[in-house]
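*Asks:* make a model of this:
(3 chains)
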Amino acid sequence: MDWTWFHRWGSPPWFVKNVTPWLKWLLLLAGLMLVVGSCWGLLIAPEEAKQGNSARIIYIHVPAAFISLAGYYTMAIAGAIGLIWRMKIAFWVMRSVAPIGAAMTAIALITGAIWGKPTWGTYWVWDARITSMTILLFLYLGVIALINAYRDVDNGYRAGAILGLVGTINIPIIYKSVDWWYTLHQPATLKLTEDSPIHPDILYPLLWMIASFYLLFAALMLANTCRHILLSESNKRWVRQWYEEGK
Amino acid sequence: MLFSDLNLSAKGGELIKIEGPNGSGKTTLLNVIAGLTRRYEGELTISGRTAPNILYLSHALGFSERLNVIDNLRFIAKLRHIDLSGVERAIDRVGLTLVEHQPLKNLSAGQRRRVGLALLALDKAPVILLDEPFTAIDKDGVQLVNTLISERLEQGAMVFITHHQDLMLPHRVLSLSDYQVEVIDE
Amino acid sequence: MNSFLAIIGRELRIGFADLHRVVTPISFFAVVLVLMPLGLGPSPQLLAKVAPGLVWVVALLAILISADRLFGDDMKEGSLPQLMTLSLALPWVVLAKMLAWWLMAMVPLAVIAPILGMMLGLSTEAAVITFLTLLIGGLGLCLVGGISAALTLSTGAGGALVALIALPLYVPILIFGSAAVEAASLGLAVKPYVLILLAFDFLAVPLAPVAAAAALRIAIDD
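*Replies:* You can find the predicted model right below:
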């Protein structure tokens, strides 16, 4: 039989002790940037020429859509690190990112539907991007459901990581095939994207909002990771010590 | 992590009985040796081999309920690169010749156990793991299990067996309690 | 190679010994397709238009129905420890089982699908393409479905979870499979779609057994 050593890489106490002190500042900064960006986008930025004020939902919709895909890859990469290097922290990161990514996907879908009503006259159309995004939501839900279905938490993480990797290989294929499917069946009536590039007055607040969403995502991810670490290590002595010190 | 600080070494020709109360990790330890679980910390060396050929008769034996005795044994013999010509003789040795064409679902619990014994008679693996091999076995069967094990020991195999009082051969005891291992020689 | 074939042979023997489990998914496939006109109305134009998509979607569901038995019996009867202590690497064992599943579930389904398709108004060419694409795309369905079956094996969560995991991953196969049938019924070129389905198989054959084998190692340890 092979010699097998089980290294514990990545120390949970170290992570919690080093992340929590500046976590609230990070969350505060993300919140502040979101408030500034929202004011900029909703009040200061000019009205969109054709769609009027309804187009301002873009400042939420587009950043959320950015995060939804980035979140899946973050989850899958974290899972892969957990599988390959048996790093427990990576699994907690994966577990923490999953619901955040799913929520961002849902936000992107919901804001898209709300935006669709005044623009297209309907809440829902089977457009390529919407369809892919919906499938992405189900990929997230599958990973979350699978992790939770396992009796043993570690095994749940390992299974979730495998599914995340399978999904990662599949996502480009799914996106490409849905794109292709849409061009095949494309109805002639809808046209959202204009040829003209986005005006800088709209682009800058949008970029600002994307940056704030990324920051918010990172902050939520770290906070949720700390939460999961503390939940599963709550019996350990270092958690008690850390808690006592904090008081 | 189930086992921590697990250190175990054994040689060919050795019979090691793993004993301990229910839930102390006997089956899990067999799974560790078979390489089916990674939930332990420590080292496990079997005669310095890295990937030994292991025969594992788990509690659920691993035969298909739908297939008959011969097909089940032939299948596993084929996968384990054992000469198929021995199958009939092994079935005869464990006394299943009359039911050899019956699917396993028609057999009694004791007869199914004997299918596992036929595999034990057939296989030539140097490491053998037996999980409660005496379950549902009658008096003749007990004798048979002891004979088969002693034959394999003479051939130089090392045998791990989970606790049972019907074992009549000299052995070492590995006693488990709450996933803690202590080796006691007998 | 011998062991590989032996595993396929064993799976087929078990399938024949327990024929109703081979027949059930196919019956499911047939009965759902027969219900479709009852829900949608008997208009031949409508049915012919939706037939390619219907046949494919119902095929996905039918194959998922039989997914849980891919490893379910091995788990229950304890064959997994036997299969994991072999000299044959586990991904090969898994691939053999997936191929046997394809032979027993997908091939019969592909055989009856053209008949049901024609009852829904598919042309003869489209029916032939239905058979062909279900054979080729069906291999991908079995490979990806096998990953889901292995991942959910020890959870006891059953079919709903297998479906939630597998169906989103089936999207590319569904799109190109039904597009091929649709193209055939419109008299357009089918070859590109068939090639894309083949490409998916070529990607899945080496990768899916590795993923499913890793999942089985988790299941046996759970």
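*Asks:* residues in chain C within reach of chain B, list them.
*Replies:* C:2-3, C:6-7, C:9-10, C:13-14, C:17-18, C:73-74, C:76-88, C:217, C:220-221 (Cβ under 8 Å from any Cβ of the partner chain). Bear in mind the C-beta positions are built from the backbone N, C-alpha and C, glycine included.
*Asks:* show me where pLDDT drops low in chain B?
*Replies:* Scanning chain B for pLDDT under 70 picks out B:1-2, B:4-7, B:41-52, B:163, B:183-186.
*Asks:* does residue 70 count as helix, strand or coil?
*Replies:* All of this is about chain A. helix (DSSP: H, G, I helix; E, B strand; the rest coil).
*Asks:* my question was about chain C
*Replies:* Put simply, residue C:70 is helix when judged by three-state DSSP.
*Asks:* that one: neighbouring residues, count only.
*Replies:* 24 (other Cβ atoms under 10 Å in any protein chain shown).
*Asks:* so it touches residue C:95, yeah?
*Replies:* No: the criterion here is Cβ atoms under 8 Å, and residue C:70 misses it with residue C:95 at 11.9 Å.
*Asks:* of the residues of chain C next to chain B, buried ones?
*Replies:* C:3, C:6-7, C:9-10, C:13-14, C:17-18, C:73-74, C:77-86, C:88, C:217, C:220-221 (16 or more other Cβ atoms under 10 Å in any protein chain shown).
*Asks:* the residues you listed also near chain A: which ones?
*Replies:* Among these, chain A is touched by residue C:221 when using Cβ under 8 Å from any Cβ.
*Asks:* mean confidence score for stretch C:189-201?
*Replies:* Averaged over stretch C:189-201, pLDDT sits at 94.
*Asks:* make that stretch C:24-44, sorry
*Replies:* Mean per-residue pLDDT for stretch C:24-44: 94.
*Asks:* buried ones in that stretch?
*Replies:* C:25-26, C:28-30, C:32-33, C:36-37.
*Asks:* stretch A:94-113 now?
*Replies:* By 16+ other Cβ under 10 Å, the buried positions in stretch A:94-113 come out as A:94-109, A:111-113.
*Asks:* so who does residue A:44 touch?
*Replies:* Shown in contact with residue A:44 (Cβ atoms under 8 Å, 6 or more residues apart in numbering or on different chains): residue A:205.
*Asks:* what's the answer for residue C:6, then?
*Replies:* Per Cβ under 8 Å, 6+ apart, neighbours of residue C:6: B:75, B:78-79.
*Asks:* helix or strand: which one has it?
*Replies:* helix C:2-17 (DSSP states H and E).
*Asks:* centre of the chain versus the next helix or strand after that helix, how much separation?
*Replies:* Remark: after helix C:2-17, the chain's next helix or strand is helix C:19-40, criterion DSSP H and E. With Cα atoms, centre = their mean, to the nearest Å as the basis, helix C:19-40 stands 15 Å off its chain's centre.
*Asks:* in stretch A:119-137, which of the residues would be classed as buried?
*Replies:* Neighbour-count burial for stretch A:119-137 [16+ other Cβ under 10 Å]: A:119-120, A:125, A:127-128, A:130-137.
*Asks:* what about that stretch, distance to the chain center?
*Replies:* 18 Å.
*Asks:* show me what it is in contact with.
*Replies:* Contacts of stretch A:119-137 (Cβ under 8 Å, 6+ apart): A:51, A:54-55, A:65, A:68-69, A:72, A:102, A:105-106, A:108-109, A:112-114, A:116-117, A:171, A:174-175, A:178-179, A:181-183, A:185, A:187, A:190, A:192, C:168, C:171.
*Asks:* against which helices or strands is the longest helix along chain B packed?
*Replies:* Determined from DSSP state H, the single longest helix within chain B is helix B:139-154. Counting contacts by 3 or more Cβ pairs under 8 Å, 6 or more residues apart in numbering or on different chains; DSSP states H and E, helix B:139-154 is packed against helix B:109-122, strand B:127-130, strand B:158-162.
*Asks:* could I get those in JSON lines, plus columns for mean neighbour count?
*Replies:* Formatted as JSON lines, those follow (neighbours: other Cβ atoms under 10 Å in any protein chain shown):
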{"stretch": "helix B:109-122", "mean neighbour count": "22"}
{"stretch": "strand B:127-130", "mean neighbour count": "24"}
{"stretch": "strand B:158-162", "mean neighbour count": "24"}
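*Asks:* which one of the ones you listed lies closest to chain A?
*Replies:* Of all those, it is strand B:127-130 that lies closest to chain A, at 8.5 Å by Cβ to the nearest Cβ.
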